[in-house]
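K.L.:
Could you work out the structure for the sequence below:
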Amino acid sequence: MVCCTSVSTAISEAIWDRRLVLVTGKGGVGKTTVAAALARSALGAGRRVLVAEVTPDVDTRSPLLSLFGHPEVHGEAPIALGPNAWGVRITPSTGHKLFLRAALKVRMVVDAAMKSAALRRFLMAAPAFPEIGMLYQLTTLLESSQFEHIIVDLPATGHALGLASLPRTVLRVLPTGLIGSAIRAGLETMTDQQKTAAILVTLPEDMPVTESFELAQGLQKLGIHVHALVLNRVPENPFRDDERHALNLHIKRRPSEPLLGGREFRRLERALAARRAFYADAGRFYTAEVPMQAARDARDIVGGVERALSVASAVTSPAGAGSGGAAGSGGAPGSGGAPGSGGAAGSGGAAGSGGAPGSGGAGGAGAPGARGSERSPGSSGRVADTRRGGWFGGRRGSGGLS
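P.N.:
Model prediction:
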């Protein structure tokens, strides 16, 4: 079980009370899509948003900014993506350039020096220099009052932890001076849970789920507030529990006989097992579950994820934040778990004792049309946080990108 912070007012507040939102997870889990969905939600609420992608350089295609119609962003300054929306790429070289400009005060000299391939290679090869450059650029962006929120698509798990742990290392070596002052300011923001929140994205698979909790624990040790865990690409389960049990028996009794759809069924079983492990360890984190998206267009997928997050977050709060508790009648997946043993109208489903307004419900907490105890996303024992529209935050206006 991950050691989690206690439920407090800061954790209960909507994510949009934070200035800096860090999105990370194991590579390939869909964190870039979730970051884009978060940005769309904030834009729809009429907020000024900067979406930032941490990347080694600006010469490659941007996966995040391509979701906003700007796949090729090569400059160092934020560009306009639409009304109230900006995008930028956080790179080591840009951070190095910004630092040198601040130190030397002569932009032409710095720009000429940064054109030197030898200097660029040195800055990229020196220990911790690339990370220092990225942190310096992020700190510079945080100083701007142009943006209400900065949503950062961080690198995969290991790189994210390395980047998050760097400020303390740098401050031990350079406690003062231009770099020290900037890094200290950035560290203060990153470790202030009133200003910063981390969103961890994972998949219903053993390794990603395990890594997500290890990452959560690592970030918390560094003082970074983990606000929510997102279980992404959850496959639809069309079976009741008794049907799944019968299929499992059939497959075990006839291991040599091919079964049409057998491979997909076993994949579903693994996903359900990983999902149970996810909720068993979710503890006091907010959670959201995003179903597998049927859409093919990238922007349609982002829209589907945004809608799923909005619905999920409105009915999920950390266990222990209210009367629902962690694993009682509305607890983690099981006979009385998130989707409920009776599905949509069962004992833990949308309209059962843990469903629409009741001890553990929130008007549809059991989610759509459940047939079995692990059929569809449920409340997992979390209780509704309706004060601010859930951890994802409610829309307060119109706008954003179409």
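K.L.:
gap between Thr55 and Phe99?
P.N.:
18 Å (C-beta to C-beta, to the nearest Å). C-beta here means a position set from N, CA and C on the backbone, and glycine is covered the same way.
K.L.:
scratch that, Gly218
P.N.:
27 Å.
K.L.:
These two: who's more crowded?
P.N.:
Taking other C-beta atoms under 10 Å, Gly218 and Phe99 do not tie; Phe99 has more neighbours (21 against 18).
K.L.:
Please name the residues that touch the more buried one.
P.N.:
Residues in contact with Phe99 (C-beta atoms under 8 Å, 6 or more residues apart in numbering) are Gly133, Tyr136, Leu178, Ile179, Ala182.
K.L.:
Buried ones among the residues you listed?
P.N.:
Gly133, Tyr136, Ile179, Ala182 (16 or more other C-beta atoms under 10 Å).
K.L.:
Please name every helix or strand in contact with the helix or strand containing the third one.
P.N.:
Translated: Ile179. Per DSSP states H and E: Ile179 is located in helix 177-190. Packing partners of helix 177-190 (3 or more C-beta pairs under 8 Å, 6 or more residues apart in numbering; DSSP states H and E): strand 20-25, helix 92-104, helix 129-142, helix 157-173.
K.L.:
how about 10 Å then?
P.N.:
Here helix 177-190 touches strand 20-25, helix 92-104, helix 129-142, helix 157-173, strand 196-202, going by 3 or more C-beta pairs under 10 Å, 6 or more residues apart in numbering; DSSP states H and E.
K.L.:
May I see the buried residues of it?
P.N.:
For helix 177-190, the neighbour count (16+ other C-beta under 10 Å) marks Ile179, Gly180, Ala182, Ile183, Arg184, Gly186, Leu187, Thr189, Met190 as buried.
K.L.:
between whichever strand or helix holds Asn232 and strand 20-25, how many degrees?
P.N.:
Element membership for Asn232 (DSSP H and E) is strand 226-234. Interaxial angle of strand 226-234 relative to strand 20-25 (axes from the mean of the first three to the mean of the last three C-alpha atoms, to 10 degrees): 40 degrees.
K.L.:
chain center to strand 226-234, what's the gap?
P.N.:
Remark: strand 226-234 is offset 6 Å from the chain centroid, using C-alpha atoms, centre = their mean, to the nearest Å.
K.L.:
picking that back up, dump the buried residues of helix 177-190 to CSV, plus pLDDT and distance to Leu272.
P.N.:
Formatted as CSV, the buried residues of helix 177-190 follow (pLDDT from 0 to 100; distance: C-beta to C-beta, whole Å):
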residue, pLDDT, distance to Leu272
Ile179, 72, 49
Gly180, 75, 50
Ala182, 77, 47
Ile183, 75, 44
Arg184, 80, 46
Gly186, 78, 41
Leu187, 80, 40
Thr189, 85, 39
Met190, 86, 36
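K.L.:
Which of the helices and strands packed on helix 177-190 has the lowest mean pLDDT?
P.N.:
With a mean of 72, helix 157-173 has the lowest mean pLDDT of the helices and strands packed on helix 177-190.
K.L.:
what residues are up against Ile150?
P.N.:
18-22, 49-52, 78, 86, 88, 90, 138, 141-142, 144, 189, 196 (C-beta atoms under 10 Å, 6 or more residues apart in numbering).
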